[in-house]
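Trainee: Give me coordinates for this.
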Amino acid sequence: MGRKISTSTGLGPKFGSIVRKKHAKVIQTLRMKRTCPQCGSLKLKRKVIGIWNCAKCNFKIADGAYETTKI
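Mentor: Numbers count the residues shown, from 1 in each chain. Here you go, the predicted model:
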């Protein structure tokens, strides 16, 4: 049977459960699929902090660090 891979890998017990849960939530929101406002595809991903880029139409948005606002 395979190992379960958690979103909070690398955070040991010294960080505490609250910090691990917050970290897992941030990583989960970063991995979500988002719709591009230009072409409508699900290819919008974060390039760097605050810059979001669509892989299909190369549309760029300057928005939030971890989440995009609904346009």
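Trainee: End to end on stretch 33-43, go ahead and measure it.
Mentor: 7 Å (C-alpha to C-alpha, to the nearest Å).
Trainee: Name the residues that touch it?
Mentor: The contact list for stretch 33-43 (C-beta atoms under 8 Å, 6 or more residues apart in numbering) reads L44, K45, W52, C54, A55, K56, C57, F59, I61, T68, I71. Glycine gets a C-beta too; all of them are placed from N, C-alpha and C.
Trainee: buried sites along it?
Mentor: Across stretch 33-43, burial judged by 16 or more other C-beta atoms under 10 Å covers R34, C36, K43.
Trainee: what separates the spatially closest residue to K47 that is not a sequence neighbour from C36, distance-wise?
Mentor: Distances taken as C-beta to C-beta, 6 or more residues apart in numbering put N53 closest to K47, at 4.5 Å, once the chain neighbours are dropped. Noted for N53: a distance of 9 Å to C36, by C-beta to C-beta, to the nearest Å.
Trainee: Identify the contacts common to the two.
Mentor: By C-beta under 8 Å, 6+ apart, the residues touching both N53 and C36 are L44, F59.
Trainee: What separation is there between V19 and I27?
Mentor: 13 Å.
Trainee: what's near enough to touch the residue nearest to the spatial centre of the chain?
Mentor: Central residue of the chain (C-alpha atoms, centre = their mean): L30, 0.6 Å from the mean position. Residues near L30 by C-beta under 8 Å, 6+ apart: R46, Y66.
Trainee: Quick check, pLDDT for it.
Mentor: L30 carries a pLDDT value of 85.
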